[in-house]
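Enquirer: Make a model of this:
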Amino acid sequence: MGPDGTTQYIVTCGADAGWDTCYRRAQHVCPTGYDTLSKDARSEHNSLRIACSAQPRHELREHDIAQGNAQSEVPVEASLSRDTPPEVVETIRGYCEAGNIEACARLGSLYARGSPALYTARDANTVARFIKYACDRHDAKACAALLEMNQPGWVKEPEEPAQRPADSPSTEPQQAPPTSVRVWPGWAGRPRPAKPTSLPTKSELRATELYRRARPSVYWVRVGGSKLQVQGGAVAVSAHFLLTNCHLFETPGPIVVGQQEEAGTVTLFAADPKRDRCWLYSRLLQFEPVSGVRSFESLVVGEPVYSIGAPKGLEATLGPGVVSGKRDVKVIQTNAPISHGSSGGALFDAFGNLVGITTFSRVESQALNFCLSTDIYWE
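Expert: Numbering: from 1, shown residues only. Prediction:
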């Protein structure tokens with residue numbers, strides 16, 4: 001805000017791009033014209049301080065945002081936070097109003113952080129749309145905000161019926177509380193990526209090297225509601241598909257996967273709840289797939305294996321063990337550590353091949369843990 005009460009903006013552009021780029025960006029912020037108050041040339045970027053001749057547009061072009069029609073460049077500001085300066089927020093907002101989806105995603109990041117420099121009168125659906133753009137671009141705080149918002153269109157948790165005073169009985173028949181269940185997609189006929197080939201099984205890797213290679217392919221999973229603890233895992237077998245267990249998704253709600261602070265929403269693509277095998281898919285997210293997948297038949301009882309998952313929410317935990325047995329319906333028995341939160345995680349052989357998805361254990365017994373063979377996900 002200037003001393004005379006006018007709203008001022010700072011428009012930045014790369015030093016190599018020239019001032020014309022800054023002028024074009026200023027025109028996007030102030031389509032009705034602007035006054036240049038100052039210019040600042042630095043080694044890393046140039047910037048203009050401007051004031052619009054008239055108030056810039058405040059109505060978002062929803063169709064352009066949805067279709068991605070506007071192609072203006074996204075301003076390159078410092079990382080965003082709740083304390084991002086208002087003039088930076090205004091610059092980003094100007095690009096979003098011009099139809100730039102990347103800029104709208106940045107606004108979503110700011111909404112998720114509760115930035116005081118944002119509008120306070122946006123309707124909830126528009127705010128949710130911005131935040132989803134940010135979540136789809138791996139902003140973990142935005143994904144957490146989506147889970148908290150419980151937007152219309154998501155399957156909500158059942159609500160408790162209102163309590164009626166004991167001295168005023170109702171004459172109406174009692175209605176059961178509303179229920180909500182996960183609607184499972186089908187399994188047969190759903191297209192899947194090609195199964196990765198097996199890595200050579202000649203030279204075993206040291207545990208440190210195996211972990212370095214395998215760990216990037218294992219992701220944590222969070223599901224629905226407002227509880228943000230890690231609930232399980234998933235393993236990438238292509239750039240857009242992951243394997244996991246269906247029992248993680250019995251509670252309805254959005255599904256978020258990630259590593260450390262990077263996350264995004266995914267779709268439940270194929271499901272066979274009876275055998276506890278599920279596929280997750282994202283068109284926007286890029287995953288790091290495993291290097292190889294090995295068949296159930298080639299496993300030998302006694303050979304070393306390693307589990308990687310998030311037991312008790314402890315992401316990317318490595319656990320050594322051996323193949324303890326090979327059971328019916330292609331289930332691998334192992335003494336590699338598995339506990340609550342490990343479901344959907346990975347079981348690797350000593351050569352770096354994915355051999356199973358960690359699924360359940362016998363709580364009353366010692367080291368009786370079980371994994372679904374990767375074979376069954378392609379059957």
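Enquirer: mind giving me the domain ranges of this protein?
Expert: What the record gives for the chain is the domain set 8-149, 207-378, from automatic domain parsing.
Enquirer: Check these for me: which has the lowest mean pLDDT.
Expert: When the domains of the chain are ranked by mean pLDDT, domain 8-149 comes last with a mean of 63.
Enquirer: of all the domains of the chain, which lies closest to Ser198?
Expert: With distances scored as Cβ to Cβ, the stretch of these nearest to Ser198 is domain 207-378 (4.6 Å). Backbone N, C-alpha and C define where each C-beta goes, glycine included.
Enquirer: Next, the distance between the ends of that closest one.
Expert: 28 Å (Cα to Cα, to the nearest Å).
Enquirer: residues touching the nearest residue to Gly345 once chain neighbours are set aside, list them.
Expert: Leaving aside its chain neighbours, Gly345 sits nearest to Gly309 (2.5 Å; criterion: Cβ to Cβ, 6 or more residues apart in numbering). The contact partners of Gly309, by Cβ atoms under 8 Å, 6 or more residues apart in numbering, come to 218, 232-233, 317, 338, 341-346, 358.
Enquirer: ok so, going back, take the domains of the chain and write them to CSV, including distance to Ala188.
Expert: Listed next are the domains of the chain as CSV, based on distance: least, Cβ to Cβ, whole Å:
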stretch, distance to Ala188
domain 8-149, 29
domain 207-378, 9
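Enquirer: Out of the contacts of Gly309, which sit inside strands?
Expert: Among the contacts of Gly309, the residues falling in strands (DSSP state E) are 218, 232-233, 317, 345-346, 358.
Enquirer: Three-state assignment for Ala128, please.
Expert: helix (DSSP: H, G, I helix; E, B strand; the rest coil).
Enquirer: Can you verify my assumption that Cys278 contacts Phe241?
Expert: No - here Cys278 lies out of contact with Phe241, judged by Cβ atoms under 8 Å, at a distance of 10.9 Å.
Enquirer: Quick check: closest non-adjacent residue to Gln260.
Expert: Excluding the flanking residues, the one nearest Gln260 by Cβ to Cβ, 6+ apart is Glu315, at 7.1 Å.
Enquirer: which residues sit in contact with Ser339?
Expert: Counting by Cβ under 8 Å, 6+ apart, Ser339 makes contact with 311-312, 361.
Enquirer: for it, phi and psi?
Expert: Dihedral angles of Ser339 (phi, psi; degrees, to the nearest 10) stand at phi -150, psi -180.
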